[in-house]
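Sequence first, predicted coordinates after that:
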Amino acid sequence: MNVRPGILSPATRWNWRYIIIYAALLIRIGVEIGRFHNGDTGFSALVDFGDLFAARRVPQLAEVPIYTQVRSAGYDGQFYAQLAVAGNPFDPGLRTALDSPAYRARRILLPALVHIAGLGEPAHIIQIYALANLFCLLVLAALLARWWFPPTDLQNLLRWTGTLFGAGMMVSVTRSLVDGPALLVVAVGARLVENGRRALAAAVLAAAGLVRETSVLCAAAFLPEGRTGRDWLRAGAAAALCVAPALMWAVILAHHYGGGTGSRNFGLPFVSFGRKLAELYRGWHRSGFDLSARTELFAVVALATQAGFLLFRPRLDLVWWRIGAVFALLWIFLGWAVWESSPSAAARAVLPMTLAFNVLAPRSRRALLLLVLGNLTVLSAFDILQMVPAEQTTFGYGVTSHYQSGWWNPERRGHRTWRWASGPAELALKNPTSRTFRATLDFEIASVTPRTVTLHVADARVPDRSISLVGTKRVPERYGPFALPPGDTTITFSTAEPAWIESVTSRRPLTFSIYDFHAAIVP
């Protein structure tokens, strides 16, 4: 027998204050995603293409301007985006473009729908694919507010934000992955099961398996409504329908492409989780909890809370418990490939568990701490949203900047971006056209110790600029205009004064920092 949670009365009235908060959070997400937009490459920064795979891209992308990280392998979204561009999962170009064609092509449904929406035009497909996660988040936000977490009180606000703005969804949105869209389809399928529309629910959950193959675990939603043999037959048929398309598709892909990767995604129970705890412990002793460590600490606590609640509070009669429990078991077996790095893939790998937890967590003041602990990754949301790729920045006419030798990784606070230099440092402007432009540089520069920094542009035929820095005050600078011919133009920042050591723990040698570098390009 399926029993709906029955948390809220249908007559529950929405509170206009919480409606405003819901809307404000969605607007804020839209604003943050807007920061990924570039005038020349659109929203392709959200897909996270890396130049280490650039030479292997499908031929259809040869003429499409794409935001590409330099000296980077990029992230998984670039492979699903190319599936969408190709349209045909058996396109010969995918054998080299994808890191593992049989593995990536299992998740074919979202790329196929995007290909159709983009009418087969590669430039349009890339933009649509980049924003597909944001679209799915907005649809899911509306459905959650309508079905389970209406804007009526603080409890629903926590559950709604915990599902939508936790690390799992935020990583999926900012890296154009399939996890967020899969959760949307799972949510629709689970609601249909709750409403007794089991045949349609099985078809929807089967589609979820083609968005992300682990969604087939939602076959656990189909429990017999009675105890007769016919009830068991119906439940088994619905579960089989849920699993069959993804299974058959995986067999077809294995026959065509051979085996796929993904074996490191799973391991012995709790082994990788324990390894993550040990990593966090060592990091805490070494340098405290920095941003990346905090992000992973929040994920460890939140996911352990969710899994523990679901596994130790069984409610076999509830659809969402059955779905949540099976993903909690999956969480126990997650491998190191899912837990490594920051933000790790763990939170997005078990997104249905997060939604199940928020639907089922007790509604009482005493249980408020449980709800907060289970949704701690919300504290990482805007840090993840601000991880705009900064290895390559595209200015007007397709001119890009590339940080070369002498720079540390980019750092951010709010909308400001900067890089520290370890000594003399080089930055290149690349003009991809056959025309010569005029470039003017705008940036701010600062140093902790007094020093003079000299700016030199190779072959620019303009005088070098000497910049005196005293104290920590940022100094605004404008340099140019100077000629920018086709190809690379190297900009050198040099200083004679020695570097200072940042701290006892990091031991980074630092000389000066460049803030918000921008190049204005004109014909």
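Arrived safely, thanks for sending. In this text the structure is predicted, and so the values were computed from the model without any measurement.

Tell me the pLDDT of Lys473.
The predicted structure scores Lys473 at 83 on the pLDDT scale.

For it, give its distance to Val448.
Distance of Lys473 to Val448, computed by C-beta to C-beta, to the nearest Å: 11 Å. In this view, the C-beta of every residue, glycine as well, is placed from N, C-alpha and C.

Between the two, which has more neighbouring residues?
Applying other C-beta atoms under 10 Å to Lys473 and Val448 shows that Val448 carries more neighbours, namely 16 against 9.

which ones are touching that one?
Taking C-beta atoms under 8 Å, 6 or more residues apart in numbering, we find Val448 in contact with 472, 500, 510.

sec struct for it, please.
Using DSSP: H, G, I helix; E, B strand; the rest coil as the criterion, the local structure at Val448 reads coil.

where does it land on pLDDT?
At Val448, the predicted lDDT confidence score is 89.

Can you report phi and psi for it?
Dihedral pair for Val448: phi -80, psi -40, per degrees, to the nearest 10.

before we move on, what about the one 4 residues further on?
The main-chain torsion angles of Thr452 are listed as degrees, to the nearest 10 and equal phi -120, psi 130.

low-confidence ranges in the protein?
Across the chain, residues meeting the criterion (pLDDT under 70) sit at 1-12, 39-40, 70-71, 260-263, 287-288, 290-291, 387-394, 412-416, 503-506.

Looking at it, which helix is longest?
The helix of greatest length in the chain, counted in residues with DSSP state H as the criterion, is given as helix 229-257.

Against which helices or strands is the helix or strand that it is followed by packed?
Past helix 229-257, further along toward the C-terminus, the next helix or strand under DSSP states H and E is helix 271-287. Helix 271-287 sits against helix 291-312, helix 336-339, with contacts defined as 3 or more C-beta pairs under 8 Å, 6 or more residues apart in numbering; DSSP states H and E.

and the angle from helix 271-287 to helix 291-312?
In this structure, helix 271-287 runs at an angle of 150 degrees to helix 291-312, with axes from the mean of the first three to the mean of the last three C-alpha atoms, to 10 degrees as the basis.

just use 412 as the starting number from now, easier for me
From this message on, residue numbering opens at 412, which makes the last subject helix 682-698.

any idea where the helices of the stretch 712-861 of the chain begin and end?
Applying DSSP state H, counting those that start in this stretch to the stretch 712-861 of the chain gives helices spanning 730-743, 747-750, 757-760, 762-771, 779-785, 792-796.

what's the first one packed up against?
Applying 3+ C-beta pairs under 8 Å, 6+ apart, one finds that helix 730-743 makes contact with helix 590-605, helix 702-723, helix 757-760, helix 762-771.

could you redo the last one with a cut-off of 6 Å?
Packed against helix 730-743 by the contact rule (3 or more C-beta pairs under 6 Å, 6 or more residues apart in numbering; DSSP states H and E) you find helix 590-605, helix 702-723, helix 762-771.

Hey, what's the angle from the shortest one to helix 702-723? Just curious.
To tie it back to what came earlier, the one meant is helix 762-771. Here helix 762-771 points in a direction 60 degrees away from that of helix 702-723 (the same axes, to 10 degrees).

With the first one instead?
Orientation check (the same axes, to 10 degrees): helix 590-605 against helix 702-723 gives 20 degrees.

Name the residues of helix 590-605 that come out as buried.
590-605 (16 or more other C-beta atoms under 10 Å).

Equivalent analysis for the second one, please.
Across helix 702-723, burial judged by 16+ other C-beta under 10 Å covers 704-711, 713-718, 720-721.

next one: stretch 633-643
For stretch 633-643, the buried set under the neighbour-count rule, 16+ other C-beta under 10 Å, comprises 633-635.

where's Asn676 relative to Phe744, distance?
As defined by C-beta to C-beta, Asn676 lies at a distance of 9 Å from Phe744.

which of these two has more neighbours?
Just comparing Asn676 and Phe744: by other C-beta under 10 Å the higher neighbour count belongs to Asn676, 19 against 16.

thought the more buried one was touching Leu745?
No: here Asn676 does not reach Leu745: they are 7.1 Å apart, not a contact under C-beta atoms under 6 Å.

Could you tell me which residues within the longest helix of the chain count as buried?
Along helix 640-668, the positions that meet the burial threshold by neighbour count (16+ other C-beta under 10 Å) are 645-646, 649-650, 652-654, 656-657, 660-661, 664, 668.

quick check, nearest of these to Ala465?
The shortest separation between Ala465 and any of the buried residues of helix 640-668 is 21.9 Å, and it belongs to Tyr668 (by C-beta to C-beta).

Now do the residue nearest to that closest one when sequence neighbours are not counted: how many residues are near it, please.
Taking C-beta to C-beta, 6 or more residues apart in numbering as the measure, Tyr668 lies nearest to Ala513, with 3.9 Å between them; neighbours along the chain are not counted. If you count neighbours by other C-beta under 10 Å, Ala513 ends up with 20.

Quick one: list the elements packing against the helix or strand where Ala513 lies.
Here Ala513 sits within helix 512-515, counting by DSSP H and E. With contacts defined as 3+ C-beta pairs under 6 Å, 6+ apart, helix 512-515 has these neighbours: helix 640-668.

repeat that for 7 Å
Contacts of helix 512-515 with other secondary structure elements, assessed using 3 or more C-beta pairs under 7 Å, 6 or more residues apart in numbering; DSSP states H and E, are made with helix 488-497, helix 640-668.

Generate JSON lines for the helices and strands packed on helix 682-698, with distance to Thr906 as supplementary columns.
Formatted as JSON lines, those follow (distance: least, C-beta to C-beta, whole Å):
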{"stretch": "helix 702-723", "distance to Thr906": "28"}
{"stretch": "helix 747-750", "distance to Thr906": "41"}
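
For Asp875, find the nearest of these.
Among the helices and strands packed on helix 682-698, helix 702-723 comes nearest to Asp875, with 36.6 Å by C-beta to C-beta.

Pick the one among the contacts of Val859 closest to Thr765.
Top of the list for closeness to Thr765, among the contacts of Val859 and by C-beta to C-beta, is Leu921 at 39.5 Å.

Quick check: beta-bridge partners of that closest one?
Leu921 forms beta bridges with Trp911, as assigned by DSSP bridges.

Just give the number of residues close to it.
When neighbours are defined as other C-beta under 10 Å, Leu921 has 18 of them.

distance of it from Val864?
Here the criterion is C-beta to C-beta. By it, Leu921 lies 13 Å from Val864.

repeat for Ser455
Ser455 sits at a distance of 33 Å from Val864 (criterion: C-beta to C-beta).

And for Ser816, nearest residue in space, chain neighbours not counted?
Using C-beta to C-beta, 6+ apart and skipping residues adjacent in sequence, the residue nearest Ser816 is Glu837, 5.3 Å away.

is it true that that neighbour touches Trp818?
No: contact between Glu837 and Trp818 fails when scored by C-beta atoms under 7 Å: they sit 8.3 Å apart.

Can you tell me the centre-most residue of the protein?
The structure's the chain has its C-alpha centroid closest to Val582; by C-alpha atoms, centre = their mean the separation is 2.3 Å.
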